[in-house]
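Colleague: Sequence plus the predicted model coming up.
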Amino acid sequence: MCVSNHAFELQAYKLSEQIIKHTIYQPVKVIYFGEKEAKANQISAIELITKIILQDNEGQVYEVEPSENGVRFAKGEITYQEYLSREKKDIRNLITYSSASIGFLFIMSWALVGYFL
């Protein structure tokens, strides 16, 4: 049995659609994994979208990732500086929680080995 497993691509596609649909900026283009580009109105759910390029009325260009913070920036709820700081904070939290989880599993496995030996 063959199961389609495009969870990351579909999540990025749904968030990209929200960004393009609700943005206060002009969507310019979409960048896929591997630096492949397409126009903002020609997005594909099959490939992984990594960035959406938005442009304001003054010509300033913004690169936004398809995430909840990207949707909030596109709607105008937060500034670009707030968006960048929240993305950094999210990455920092991911690294911290991943490291803590790996450390916990390592300590538990070490304790288990010590218990049985």
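Modeller: Nice, I can see it. Numbering: from 1, shown residues only.

Colleague: my guess is Ala12 contacts Leu48, does it?
Modeller: Yes. Assessed by C-beta atoms under 8 Å, Ala12 is found in contact with Leu48 at 5.9 Å. To be clear about C-beta, it is placed using only N, CA and C from the backbone, and glycine gets the same treatment.

Colleague: which one of the two has more residues nearby?
Modeller: Neighbour tally, Ala12 and Leu48, criterion other C-beta atoms under 10 Å: the higher count belongs to Ala12, 25 against 18.

Colleague: That one: what's it in contact with?
Modeller: Leu48, Ile49, Thr50, Pro66 (C-beta atoms under 8 Å, 6 or more residues apart in numbering).

Colleague: redo that, cut-off 6 Å
Modeller: Counting by C-beta atoms under 6 Å, 6 or more residues apart in numbering, Ala12 makes contact with Leu48, Ile49, Pro66.

Colleague: Make JSON lines out of those residues and add pLDDT.
Modeller: Converted to JSON lines, the contacts of Ala12 look like this (pLDDT from 0 to 100):
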{"residue": "Leu48", "pLDDT": "88"}
{"residue": "Ile49", "pLDDT": "89"}
{"residue": "Pro66", "pLDDT": "93"}
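
Colleague: Go through these and name the one nearest Gly114.
Modeller: Proximity of the contacts of Ala12 to Gly114 (C-beta to C-beta) peaks at Leu48, which lies at 42.4 Å.

Colleague: Look up the closest residue to the closest one, ignoring the ones flanking it.
Modeller: Leaving aside its sequence neighbours, Leu48 sits nearest to Phe33 (C-beta to C-beta, 6 or more residues apart in numbering; 4.1 Å).
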